[in-house]
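Trainee: Okay, here's the prediction I keep looking at, along with the sequence it came from:
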Amino acid sequence: MPNKQHYTTITLPRGTLDLTYQTNAASGNNDLKKSSHYQLEDLLDFAQRINPKRAFLFVSKVLGRHIPVAPSIMRNAFTDLANLVPDDLPEPILVIGMAETAVGLSAGVHQALQTRYPQALLLNSTRHAQHDDNSSDSLLTTFSEDHSHASQHLIYQSADKMTQAQLLASKTLIMVDDEASTGNTCVNVVTALREAGLTQLEQVHLTTLVDWSLNQNESDANADDTIAIRLPNIDFHRHHLLSGAWKWTDAPNPEPIIMPSVDTTEAGSQPLGNTGNWGRFPTLDSTNGLADYLASFQTAFASFDGQNAFNNAQLPQKILVLGSNEFVWLPFLLAEWLETQTNLDNSKNTVNFSALTRSPIAVGSGIGTMLSFRDNYGLGMTNFAYNVEPNEWDLIVLCVETSADSVDTMWKGLDNVLVVSPK
């Protein structure tokens, strides 16, 4: 039996958000027995978007994007979410994550799933155009995320013939996102993939931290799933840590807002360094490049700290690791490694993870502070870091996939910031 429904109202400057939700993770497959029991306050805070298409934002407390969080908390959420995905799925399996917010989440879910599905592929959407020298036509498809601040997404195929053949033969799609609010993105992704050649898809599993697209405010609790109806000839399933429905009411005469220009899929003037393949192209191994990345950090920190060679005993007590935009998975694994190193002898040590983003959000509610600066990709857009007070950290490790010189002077002017970039 599912838990009783709960109700709450979130008041934001531009209106009110009425929520109906259930504090369980059940989705029809005894999932509750396989997952931790999450409360709303464990998973979410709320904020106001600087976006005329949608005025509110669900701010995750376990994602490491807008709120700094311990890597161990993130890992638990990744694993708990992956545990909801059932056994005995038709293979080949494709795990796909949504840029930019869910690219780390998808990699974490994929890694956890590989204990049961070692041949599952990982592929993330991206908003950064890629230049793949091994393929003259590496773009597989595009799709739109209608409510987003940057609506267009790119999905790339593989230059490896065997990997590409497996991708096109996928029978199960596990779509990973931080939240589902209408289901439109899921439908758009599946439609685009099928039109691009994934014609053998049998099952789609929408796998999200929170699912708000269940129409739980409807009087008929047995109403048909609207996403399933919109995906003909697909066996559709949902898996989530918390589910519910939302209703937004505009405030009287809300002040007009102007959204910064962030909707681009250009490559930018700064070339991307080699950081392995963590999902922008189809991959079996999302940890590709990790050993080199850890070595790069150790070398950089030794130089930063004036050491002859890296010594983990010299790591400071309070460390914040920042990924940048879509480049978050290897930085997360670095933060996770640092968490184990700093907790060997001193439980008072703190390692948190968060990320830079192009998403414009107003200060207030779940967003306590905002730093704004020039993006490191050479796109000429403003980027942001939320809930980050630089002077609260002994060390900020800023991880970028471009050169260290591409980082805004704001970061270079802070003496507790170490920039880790590709060689």
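Mentor: The structure has been received and is ready for your questions. Predicted, not measured: the structure shown is a model, and the values here were computed from it.
Trainee: if I look at the most centrally placed residue in the chain, how far off is Pro13?
Mentor: By Cα atoms, centre = their mean, the chain has its centre lying nearest to Ala102, at 1.9 Å. Counting by Cβ to Cβ, to the nearest Å, the gap from Ala102 to Pro13 is 27 Å. C-beta: built from backbone N, CA, C; applies to glycine.
Trainee: any weak-confidence spans in the stretch 51-200 of the chain?
Mentor: Along the stretch 51-200 of the chain, the model assigns pLDDT under 70 to residues 131-137, 145-151.
Trainee: one more time with 50
Mentor: Scanning the stretch 51-200 of the chain with the threshold set as pLDDT under 50 gives 133-136, 147-150.
Trainee: for it, what spans make up the helices?
Mentor: With DSSP state H, counting those that start in this stretch, the ranges of helices along the stretch 51-200 of the chain come out as 71-83, 103-113, 161-168, 184-195.
Trainee: For the last one, list every residue counted as buried.
Mentor: What it means is helix 184-195. Neighbour counts over helix 184-195 (16 or more other Cβ atoms under 10 Å) mark Asn184, Thr185, Cys186, Val187, Asn188, Val189, Val190, Ala192, Leu193, Arg194 as buried.
Trainee: from those residues, which is closest to Leu121?
Mentor: Set against Leu121, the nearest of the buried residues of helix 184-195 by Cβ to Cβ is Leu193 (12.3 Å).
Trainee: Please tell me how far that closest one sits from Arg280.
Mentor: Distance, Leu193 to Arg280, using Cβ to Cβ: 16 Å.
Trainee: Same question for Ser213.
Mentor: Applying Cβ to Cβ, the value for Ser213 to Arg280 is 27 Å.
Trainee: wait, Ser269 sits on Asp375?
Mentor: No. If you go by Cβ atoms under 8 Å, Ser269 and Asp375 don't touch, sitting 10.5 Å apart.
Trainee: Quickly name whichever of the buried residues of helix 184-195 is closest to Pro68.
Mentor: After measuring the buried residues of helix 184-195 against Pro68 - Cβ to Cβ - the closest member comes out as Thr185, at 26.1 Å.
Trainee: Hmm, Met98 and that closest one touching each other?
Mentor: Yes. Counting by Cβ under 8 Å, Met98 is a contact partner of Thr185 at 6.8 Å.
Trainee: Can you give me every residue that contacts the nearest residue to Thr141 once chain neighbours are set aside?
Mentor: Spatially, and ignoring its direct neighbours in sequence, Thr141 is nearest to Ala196 (3.8 Å; Cβ to Cβ, 6 or more residues apart in numbering). By Cβ atoms under 8 Å, 6 or more residues apart in numbering, the residues touching Ala196 are Leu140, Thr141, Ile155.
Trainee: I'd like to check which residues are in contact with Glu255.
Mentor: Contacts of Glu255 (Cβ under 8 Å, 6+ apart): Pro13, Arg14.
Trainee: Quick check: it is in a helix.
Mentor: No. Counting by DSSP: H, G, I helix; E, B strand; the rest coil, Glu255 is not part of a helix but coil.
Trainee: State the distance from it to Asp87.
Mentor: Distance from Glu255 to Asp87, by Cβ to Cβ: 51 Å.
Trainee: where does Thr299 land in three-state SS?
Mentor: Under three-state DSSP, Thr299 falls in the helix class.
Trainee: what's the nearest residue to it if we skip its chain neighbours?
Mentor: Distances taken as Cβ to Cβ, 6+ apart put Phe310 closest to Thr299, at 7.1 Å, once the chain neighbours are dropped.
Trainee: now His240
Mentor: Distances taken as Cβ to Cβ, 6+ apart place Asp211 nearest to His240, at 4.0 Å, with adjacent residues excluded.
Trainee: just so I have it, where are all the strands in the stretch 151-300 of the chain?
Mentor: Taking DSSP state E, counting those that start in this stretch as the criterion, the stretch 151-300 of the chain carries its strands at 152-156, 172-180, 203-211, 235-250.
Trainee: For Thr79, find the nearest of those strands.
Mentor: Taking those one by one with Cβ to Cβ, strand 235-250 is closest: 11.3 Å.
Trainee: I'd like to know which elements the closest one is packed against.
Mentor: Here strand 235-250 touches strand 15-22, helix 40-43, helix 71-83, strand 203-211, going by 3 or more Cβ pairs under 8 Å, 6 or more residues apart in numbering; DSSP states H and E.
Trainee: Output those as TSV; include the columns distance to Leu294 and mean neighbour count.
Mentor: Formatted as TSV, the helices and strands packed on strand 235-250 follow (distance: least, Cβ to Cβ, whole Å; neighbours: other Cβ atoms under 10 Å):
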stretch	distance to Leu294	mean neighbour count
strand 15-22	39	18
helix 40-43	30	16
helix 71-83	14	20
strand 203-211	27	24
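Trainee: just so I know, which of these lies nearest Val176?
Mentor: That would be strand 203-211 among those, by Cβ to Cβ, at 5.0 Å.
Trainee: which helices and strands does that closest one pack with?
Mentor: Strand 203-211 is packed against strand 56-60, helix 71-83, strand 172-180, helix 184-195, strand 235-250, with contacts defined by 3+ Cβ pairs under 8 Å, 6+ apart.
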